[in-house]
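Visitor: make a model of this:
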Amino acid sequence: MITIRPRDQRGTAKIGWLDSKHTFSFGHYYDPAQMGFRALRVINEDRVIPGAGFPTHGHRDMEIISYVLEGALAHEDSSGTAATIRPGEVQRMTAGTGVRHSEFNASDNEPVHFLQIWILPEQEGLAPGYEQRAFSEEEKRGRLRLVASRDGRDGSVTVHQDVDLYATLLGAEEKVAYDLKPGRHAWVQVARGQATLNGELLKEGDGAAITKLDTIELEGATDSEVLLFDLA
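Guide: All right, here's what the predicted structure looks like:
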């Protein structure tokens with residue numbers, strides 16, 4: 001079964017420096033029917049103007065993934081980590097027992113466009129942690145590249161939850177398929193462009209919950225970038 005979450009039904013937060021779309025309930029946007037999917041709790045599509053960003057704030061007991069689509073995102077946190085995340089790079093921060101951090105547009109003249117993803121950890125009270133990896137376009141072009149996983153296999157970042165996150169870049173009519181094991185669930189998020197999911201068209205910003213399905217088939221309708229979450 002496929003349940004589409006249309007992009008135009010997402011929550012919104014728009015202030016001077018931020019344009020954010022919320023796939024699930026977040027901040028001032030609350031919908032009891034949209035509280036996440038399995039361990040996937042947040043997918044926010046954020047656009048931040050040059051030189052602006054999220055000032056230092058705290059989180060606990062959450063796995064936070066940043067996936068940059070355009071521009072560059074500057075990160076600093078209370079563990080002493082300072083890093084810049086660019087397209088093709090995936091950042092994982094374990095908030096655990098508590099971490100304070102900031103995320104700012106690293107440019108003074110170009111906007112930054114990124115996905116902020118929250119995953120509920122398998123247990124509370126984990127030690128805070130940080131990880132960042134780069135994945136080339138060639139690794140994702142026309143194939144599903146594992147970018148985050150519970151065991152960190154194949155060079156993916158480690159997430160403290162039973163989830164595999166894949167990314168793919170598809171040209172028009174380019175296809176990939178994924179076999180979903182019995183009892184597993186999936187979420188597909190179109191980050192850029194348009195793609196079909198088992199024949200159903202998804203536009204940029206659309207998501208889809210998948211249950212009781214053996215095979216997931218993705219095909220680019222235009223040049224597209226798609227994330228696939230395999231969840232317990």
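
Visitor: what is the burial count for the nearest residue to T97 once chain neighbours are set aside?
Guide: Computed as CB to CB, 6 or more residues apart in numbering, the closest residue to T97 that is not its neighbour in sequence is G125, at 5.6 Å. Any C-beta I mention is one placed from the backbone N, CA and C, and that applies to glycine too. Around G125 there are 10 other residues, counting by other CB atoms under 10 Å.

Visitor: can you count the residues close to D8?
Guide: Around D8 there are 9 other residues, counting by other CB under 10 Å.

Visitor: gap between it and W187?
Guide: Note on D8: its distance to W187, by CB to CB, to the nearest Å, is 18 Å.

Visitor: correct me, but the residue nearest to T97 touches A95?
Guide: No. G125 is beyond contact range of A95, at 10.8 Å (criterion: CB atoms under 8 Å).

Visitor: residues shared between the contacts of these two?
Guide: Listed as contacting both G125 and A95 by CB atoms under 8 Å, 6 or more residues apart in numbering are D61.

Visitor: what part of the protein, helix or strand, is modelled with the least confidence?
Guide: Between all helices and strands in the chain, the lowest mean by mean pLDDT, DSSP states H and E belongs to strand 53-59, at a mean of 85.

Visitor: for that strand, packing partners?
Guide: Counting contacts by 3 or more CB pairs under 8 Å, 6 or more residues apart in numbering; DSSP states H and E, strand 53-59 packs against strand 73-77, strand 99-105.

Visitor: with distance to I210 and mean pLDDT added, can I get those strands in a markdown table?
Guide: Converted to a markdown table, these look like this (distance: least, CB to CB, whole Å; pLDDT from 0 to 100):
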| stretch | distance to I210 | mean pLDDT |
| --- | --- | --- |
| strand 73-77 | 29 | 90 |
| strand 99-105 | 30 | 88 |
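
Visitor: right, and the helix or strand after the host helix or strand of L218?
Guide: Take DSSP states H and E as the rule and L218 turns out to sit in strand 215-220. For strand 215-220, the following helix or strand on the C-terminal side (DSSP H and E) is strand 224-231.

Visitor: perfect, I'm done here.
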